[in-house]
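Student: Give me the fold of what follows.
(2 chains)
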There are 2 protein chains.
Amino acid sequence: MPDTDTRKRRGGGRAGNAARRGGAVIEQMPWKPPINRDRPVEPLTDEGVLAIHNGAMEILEDIGIAILNPEALEIFRQAGCSIDGNVVRCGRDFIMEMVGKAPSEFTLTPRNPERQITVGGRTLLFGNVSSPPNYWDMEIGRKVPGTREMCCNLLKLTQYFNCIHFAGGYPVEPVDIHASIRHLDVVYDKLTLTDKVMHAYSLGRERVEDVMEMVRIAGGLTHEEFDATPRMYTNINSTSPLKHDYPMLDGWMRMARRGQGCVVTPFTLAGAMAPVTMAGAVAQSLAEGLIAIALAQYINPGCPCVIGTFTSNVDMKSGAPAFGTPEYMRATQMTGQLARFYKLPMRSSGVCAANVPDGQAMWETSNSLWAAVQSGTHMVYHAAGWLEGGLIASPEKFIMDCEILQQIQRYMDPEITATGPDEIALDAIRAVGNDGHFFGIQHTQDRYTTAFYQPFLSDWKNYEGWEAAGGIWTPERAHHMFKSIIADFQPPPMDEAIREELAAFVERRKREGGAPTDF
Amino acid sequence: MPDTDTRKRRGGGRAGNAARRGGAVIEQMPWKPPINRDRPVEPLTDEGVLAIHNGAMEILEDIGIAILNPEALEIFRQAGCSIDGNVVRCGRDFIMEMVGKAPSEFTLTPRNPERQITVGGRTLLFGNVSSPPNYWDMEIGRKVPGTREMCCNLLKLTQYFNCIHFAGGYPVEPVDIHASIRHLDVVYDKLTLTDKVMHAYSLGRERVEDVMEMVRIAGGLTHEEFDATPRMYTNINSTSPLKHDYPMLDGWMRMARRGQGCVVTPFTLAGAMAPVTMAGAVAQSLAEGLIAIALAQYINPGCPCVIGTFTSNVDMKSGAPAFGTPEYMRATQMTGQLARFYKLPMRSSGVCAANVPDGQAMWETSNSLWAAVQSGTHMVYHAAGWLEGGLIASPEKFIMDCEILQQIQRYMDPEITATGPDEIALDAIRAVGNDGHFFGIQHTQDRYTTAFYQPFLSDWKNYEGWEAAGGIWTPERAHHMFKSIIADFQPPPMDEAIREELAAFVERRKREGGAPTDF
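Tutor: Numbering: from 1, shown residues only, chains lettered A, B, ... in the order given. Next up is the predicted model:
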């Protein structure tokens, strides 16, 4: 772990402790968000970029977006946009002026400042699966509704793996907790089981305000300190086509006012909620995203925003959503080109349609994760644990995905492609000559412990060795690992006074009835 | 299948018939080798490219390559290279002059001219797994030695799938056929079960000459017609480090003299047969490859050559080879940069270390296939069917890999990223407005049958639908498909007179004793 020393020098922090504890079950790579060194894959010409931009602008100017939140509607009216019923039409000058105020890069700082992340630039960040209503694992062997225990276990994986850089929404919906108080219990679990960047659902005033307050308490922050720099984020979805609903925009505006991270991700399935042609689906997605970003920038110029993409296609035989497809990959790359055009950080996802953590799950997820890399994505949502188009969370899939994420982290290490004299290694080649091998020589001995990626889940034994070890297929190996990680899990440290303050807050808000459930 | 009409117009050829027959079991994409539209991923700076080039040149000039073939040694002596025992040292001027004679693009034309392929340029070609001694399928459930029947079944898959563009070596070694006559039986099987580009192992004079003769007979060609344009190819491996053995070079020179395709692929596992540092392993691999290409060009200037890479790393805990790793991906990309520097077509592979067709198999294979795309590879060996680092061939893995290959084919379709007015689709977006959906509208109806990739193996049903259909995981679905394809398989047409001539040739050569087995 090359940066252990640095981390120790930075103050022997909690992340360091967590990483060292991680060694107990598996040897994983250190916390080190990858820097994406690859030039993005850009399928669009400059004219293609402009054609999609012009499409998005014409949607905003001529067709308009329905804004089902009166407060937001009033803000657009003040800003000089045209309002027709609840449909807002904005000139491109207004949109581009507002979008121009958004930073191209910002930080998010959770309660453990060593887990601070930079959104934008070349940094590639991964978050856990968010929001599946159901759960599947090898032991249960079928799809079941999520519970608080399942949710906690997935949060433990979120904390455990150094390649997961931020916490998403609930990794599975704990439907055994009443919806009115679910956010209180789960965010308490999230804040005590993890020390990574927090997310708030924008589902009504109470939820957003409660989560912001809990993140503030967990960080030991004053209100001023909380507002001074982004501590957390929300992710909203438009109701495609061309509509933003009330609670999402309510949360969006609350987060924007307090300068917290605002990610907008239209769910534009080509052929269903968007045109069957990918350029049209991307243009529509951008229009839906940009109007929300314009709103945030009008409210609080310079507040941190991210443009998300979830553009994929449906199975035209059944209408079912498909993920990790060639069309998904290209749409993500195209959105990346437009995100750079707008100088906005970008979010995409690690997704698949598969129902179980098998080969299909991994080629679809690999496609989507490599598309994230190729597109220059900054935040990769659902990067670990997602199945069935987001309807199932699986701990085995989580762990399998983390093996891919670690490989991407290593793939971005410039050490692999260094070409100095030590790496060209002519002396070593000369010493070995036309016979012999490189196993024993000094050049190898000096480097062999760190020269190559070491997997924690991939089994590199030959068939006979693998058979002798039980002949265990990947998801079952992942299942055993899941059990061990959970059994061994130690939550990150938290001051007892802060934990008590959090618990008291949860208790009080529960007594008050939590949040309304009629959204 | 958009190009069906074109194919019919081109003469109702055999490829067209095969594709139509293919529809009986699965709906697959048409024969259409993808054009790689993506700018390569280039981890090396220009200085890095030169550093590796200089490393390769210094290996060739100062360290030298052992050439265990007296005829080749004599040719290098005539060419003015320095000979010390069996070690050849070549000046970079000689190497670069010879490499400069190799074409950057050429065709290979099999017995069915509609299966002609172009090697080089932007074309991306896929071949089947080659040379595993063992076989695994779901029904047998364990690793067993290959047989002629297994080999034939994998050849049927090679022919069946339109995304497989050339036949590699034996898809599994049929160890139930004596080694002296194995090439005769398997090449007879290959030529009668497939009509795609053929390969010859360079394992002694008799084998290479027999295969060339059989390919000539199968094509109904005179010797002059066979020599006039490349009809087939060989692939040789150096004996790393820094050595070429007798039989490989013998076959190499025979193929070069007759202007057939010559692919050289050093097997440089970093940390074992090459330096532990990837730049050194790549430089060594290039040196080993370039000297063979220089030999071919000296013998027959302009003969078609391909530089291959098989540079990967070992597991430093066990010494076992690892495939589809981050280091493998970068080495492949680095080799791609150097192949373009030398203006040579390039070969890489679809590889994994996994022992069974599970999640690990698919993330490792996805990594290697996307590295082929990213590196600008032209020929992808082992693109379907490979397990256990090449020691096992599996029909389920073959079919799973073909799903990825088809997705790459579709990914390269410029239709996905078109940005004309019909694709931006403002009229459709306006028509649907802020409510409703795109399922039923004309813009969707006009396109829905061809708008998106249609998988043949991926199951896009939701969990309940998948469960109702038996809850079948990917490899088992692939197994059922394998059985159906084999049961339904129709070999491509061949004139009876040609088949009889081939059979008579095989019979005669068997009577003569086949080929020696003491190599």
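
Student: So is the longest helix anywhere in chain A next to chain B?
Tutor: Ranked by number of residues, the top helix in chain A under DSSP state H is helix A:278-299. Yes: contact of helix A:278-299 with chain B (Cβ under 8 Å from any Cβ of the partner chain) involves A:278-280, A:283-284. Every residue, glycine included, has its C-beta placed from N, CA and C.

Student: what residues go with each domain of chain A?
Tutor: A:98-414+A:500-510, A:418-453 (automatic domain parsing).

Student: Mind checking what helix or strand follows the longest helix of chain A in sequence?
Tutor: Following helix A:278-299 in sequence order, the next helix or strand is strand A:305-308 (DSSP states H and E).

Student: by contact count, what packs against that following strand?
Tutor: Here strand A:305-308 touches strand A:261-264, helix A:278-299, helix A:326-342, strand A:346-349, strand A:379-384, going by 3 or more Cβ pairs under 8 Å, 6 or more residues apart in numbering or on different chains; DSSP states H and E.

Student: Quick check: can you name the pairing partners of the last one and their directions?
Tutor: Right, strand A:379-384. strand A:125-128 (parallel), strand A:346-349 (parallel) (DSSP bridges).

Student: So for the first one, mean pLDDT?
Tutor: Meaning strand A:125-128. Averaged over strand A:125-128, pLDDT sits at 98.

Student: Keeping just the C-alphas, turn it into PDB.
Tutor: Extracted C-alpha coordinates of strand A:125-128, given in PDB (Å, rounded to 0.1, in the frame of the first residue of the first chain):
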ATOM      1  CA  LEU A 125     -15.300   8.400  -8.100                       C
ATOM      2  CA  PHE A 126     -17.400   5.300  -7.300                       C
ATOM      3  CA  GLY A 127     -20.500   5.000  -5.100                       C
ATOM      4  CA  ASN A 128     -22.600   2.000  -4.000                       C
END
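
Student: Just give me the neighbour total for A:Ile291.
Tutor: 29 (other Cβ atoms under 10 Å in any protein chain shown).

Student: so who does the closest residue to A:Pro321 other than its chain neighbours touch?
Tutor: Once flanking residues are discounted, A:Pro321 sits nearest to A:Gly389: 4.9 Å by Cβ to Cβ, 6 or more residues apart in numbering or on different chains. Neighbour list for A:Gly389: A:320-321, A:323, A:351-353, B:462 [criterion: Cβ atoms under 8 Å, 6 or more residues apart in numbering or on different chains].

Student: just A:Ile429 next, same as before
Tutor: Listed by Cβ under 8 Å, 6+ apart, the contact set of A:Ile429 reads B:59, B:63, B:241-242, B:274-275, B:280, B:283-284.

Student: which among those end up buried?
Tutor: B:59, B:63, B:241-242, B:274-275, B:280, B:283-284 (16 or more other Cβ atoms under 10 Å in any protein chain shown).

Student: Show me which positions of stretch A:148-159 end up buried.
Tutor: Within stretch A:148-159, the residues that count as buried by 16+ other Cβ under 10 Å are A:148, A:150-159.

Student: Which of the residues you listed fall within helices?
Tutor: Using DSSP H, the subset of the buried residues of stretch A:148-159 located in helices is A:148, A:150-159.

Student: need the contact list for A:Ala56.
Tutor: Taking Cβ under 8 Å, 6+ apart, we find A:Ala56 in contact with A:283-284, A:286-287, A:290, A:338.

Student: That should have said A:Thr234, apologies.
Tutor: A:199-202, A:208, A:251-252, A:255, A:260-263.

Student: what about it, helix or strand, and which?
Tutor: A:Thr234 belongs to strand A:232-236 when assigned by DSSP H and E.

Student: Enumerate every residue touching the closest residue to chain B within the stretch 401-519 of chain A.
Tutor: In the stretch 401-519 of chain A, the residue that lies nearest chain B is A:Ala425 (3.4 Å; Cβ to the nearest Cβ). A:Ala425 makes contacts with A:443, B:275-277, B:279-280, B:283, as judged by Cβ under 8 Å, 6+ apart.

Student: Quick check: chain neighbours aside, which residue is closest to A:Ala167?
Tutor: Nearest non-adjacent residue to A:Ala167, counting by Cβ to Cβ, 6+ apart: A:Lys196, 4.9 Å away.

Student: since we're on the spatially closest residue to A:Leu155 that is not a sequence neighbour, how many residues are nearby?
Tutor: Nearest residue to A:Leu155, sequence neighbours excluded (Cβ to Cβ, 6+ apart): A:Leu193, at 4.5 Å. If you count neighbours by other Cβ under 10 Å, A:Leu193 ends up with 23.

Student: could you pull out the helices for the stretch 101-250 of chain A?
Tutor: A:148-160, A:179-193, A:205-218, A:223-228, A:246-257 (DSSP state H, counting those that start in this stretch).

Student: what packs against the shortest one?
Tutor: Based on contacts counted as 3+ Cβ pairs under 8 Å, 6+ apart, the elements that helix A:223-228 packs against are helix A:205-218.

Student: in the helix it packs on, what's buried?
Tutor: Buried residues in helix A:205-218 (16+ other Cβ under 10 Å): A:206-218.

Student: out of the domains of chain A, deepest packed?
Tutor: Mean neighbour count (mean count of other Cβ atoms under 10 Å in any protein chain shown) peaks for domain A:98-414+A:500-510 among the domains of chain A, with a mean of 24.

Student: about what we covered before: of all the helices of the stretch 101-250 of chain A, which one is nearest A:Asp46?
Tutor: Shortest distance between A:Asp46 and those, using Cβ to Cβ, is found for helix A:246-257: 31.8 Å.

Student: Could you list the residues in contact with the closest one?
Tutor: With contacts defined as Cβ under 8 Å, 6+ apart, helix A:246-257 is touched by A:67-69, A:71-72, A:75, A:200-205, A:207-209, A:212, A:233-234, A:236-238, A:261-262, A:264, A:292, A:295-296, A:299-300, A:303, A:519.

Student: got it, and stretch A:434-441?
Tutor: Here stretch A:434-441 makes contact (Cβ under 8 Å, 6+ apart) with A:428, A:431-432, A:444, B:64-66, B:87, B:241-243, B:270-276, B:319.

Student: please redo it, this time with the cut-off set to 6 Å
Tutor: A:428, A:432, A:444, B:66, B:242-243, B:271-272 (Cβ atoms under 6 Å, 6 or more residues apart in numbering or on different chains).

Student: distance between the ends of that stretch?
Tutor: Taking Cα to Cα, to the nearest Å as the measure, stretch A:434-441 stretches 14 Å from start to finish.

Student: Between the two ends of stretch A:302-316, what distance do you get?
Tutor: Counting by Cα to Cα, you get 41 Å between the two ends of stretch A:302-316.

Student: State the mean pLDDT of that stretch.
Tutor: For stretch A:302-316, mean pLDDT rounds to 95.
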